[in-house]
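Chemist: Sequence first, then the predicted structure:
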Amino acid sequence: MQTVILAGGIATRLRPLTLTLPKSMILVRQKPFLEHQLALLRAHGVTDIVLCVGHLGTLIAEYFGKGEKWGVSLSYSWETNGLLGTGGAVRNARALLNEEFLLLYGDSYLRVDYQDVIREFRKCGLPAMMVVYRNEDQWDRSNIVVRDGKIGFYSKKERWPDTVYIDAGVSAFRKEVLDWLPPEGEASLEGLIQMLIARNCLHAYETRQRFYEIGSFAGLEELERLDLPPSFQPLPD
């Protein structure tokens, strides 16, 4: 299945690093973080990848090109008229998208069986699915309620008593849900998620693997210390 990676954010929490580098190009184990994401996806047979780029995106394109060196095929969707938000970035890539696709954040790393995620999405029969982890506020603030295999509540601000899950940074969508976004301007994935919840059509895929992230210096330092699996090691030159 095709995969979209959101790699266009400004990443103010990582300044001064991101004043001269896009977040996806920050080094982890002497390699750009995006390179490790591509290695993980390739290890699971996912090789058709669309990169949504914006802030300093030319540095990503110059380094990765079309992806042949990494055994993947890369296409680029450019935010040329200002930042569009997470939902707007996916909408902007619409012409490049297949009828179904995985979506990854450009700052997260999840050791999950991506082929199993794909199978579950196709089996569930719903237009969207989110990979969730039973976090119980351990690694970050939990923000999701799961009921009968579906997402029943999602919020980065509000709290419900049974909010024990967290978004693990991987989702799957059918292209048709992009019709629910505003046709132009800034739009968030959170807004789309709320619409999917309201229609009771956002499936939950629970993983037992926690996700890692480089959205903060603390997360970046954790990855540097982590005993990472072979898929995270630098690819041969």
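Modeler: Perfect, thanks for sending it. Bear in mind that the values here come from a model prediction, so they are computed numbers and not experimental data.
Chemist: Please name every helix or strand in contact with the least confident helix or strand in the chain by mean pLDDT.
Modeler: The helix or strand of the chain with the lowest confidence, counting by mean pLDDT, DSSP states H and E, is helix 217-225 at a mean of 80. Packed against helix 217-225, as judged by 3 or more Cβ pairs under 8 Å, 6 or more residues apart in numbering; DSSP states H and E, are the following elements: strand 27-28, strand 211-213. For glycine as for every other residue, the C-beta is placed from the backbone atoms N, C-alpha and C.
Chemist: let's go with 7 Å and repeat that
Modeler: Other elements packing on helix 217-225 under the criterion 3 or more Cβ pairs under 7 Å, 6 or more residues apart in numbering; DSSP states H and E are strand 211-213.
Chemist: Direction included, what does the strand it packs on pair against?
Modeler: Its sheet considered, strand 211-213 pairs with strand 108-110 (antiparallel) by DSSP bridges.
Chemist: any residues touching the partner strand, and which ones?
Modeler: When contacts are defined by Cβ atoms under 7 Å, 6 or more residues apart in numbering, strand 108-110 is touched by residues 36, 37, 40, 131, 168, 169, 170, 209, 211, 212, 213.
Chemist: can you confirm the fourth one is in a helix?
Modeler: So that's residue 131. No: residue state for residue 131 (DSSP: H, G, I helix; E, B strand; the rest coil) corresponds to strand; a helix is not indicated.
Chemist: what sits against it?
Modeler: 110, 112, 117, 168, 170, 171, 205, 207 are the contacts of residue 131 under Cβ under 7 Å, 6+ apart.
Chemist: Which of those residues has the largest number of neighbours?
Modeler: Using other Cβ atoms under 10 Å as the neighbour criterion, residue 171 leads these with 26 neighbours.
Chemist: Next up, the contacts around it.
Modeler: With Cβ under 7 Å, 6+ apart as the criterion, the residues that contact residue 171 are 103, 128, 129, 130, 131.
Chemist: Which strand runs longest in this protein?
Modeler: If each strand of the chain is counted by residues according to DSSP state E, the longest one is strand 165-174.
Chemist: Any buried residues in that strand, and which?
Modeler: Buried residues in strand 165-174, defined by neighbour count with 16 or more other Cβ atoms under 10 Å: 165, 166, 167, 168, 169, 170, 171, 172, 173.
Chemist: Take those residues and lay them out in CSV including distance to residue 137.
Modeler: Output for those, formatted as CSV (distance: Cβ to Cβ, whole Å):
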residue, distance to residue 137
165, 11
166, 9
167, 14
168, 15
169, 17
170, 20
171, 22
172, 26
173, 27
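Chemist: nearest to residue 28, of those?
Modeler: Taking Cβ to Cβ as the measure, residue 169 is the one of the buried residues of strand 165-174 closest to residue 28, at 15.5 Å.
Chemist: Can you classify the residue lying farthest from the centre of the chain by secondary structure?
Modeler: Distance to the chain centre peaks in the chain at residue 161, reaching 26.7 Å (criterion: Cα atoms, centre = their mean). Each residue gets one of three states, and residue 161 gets coil by three-state DSSP.
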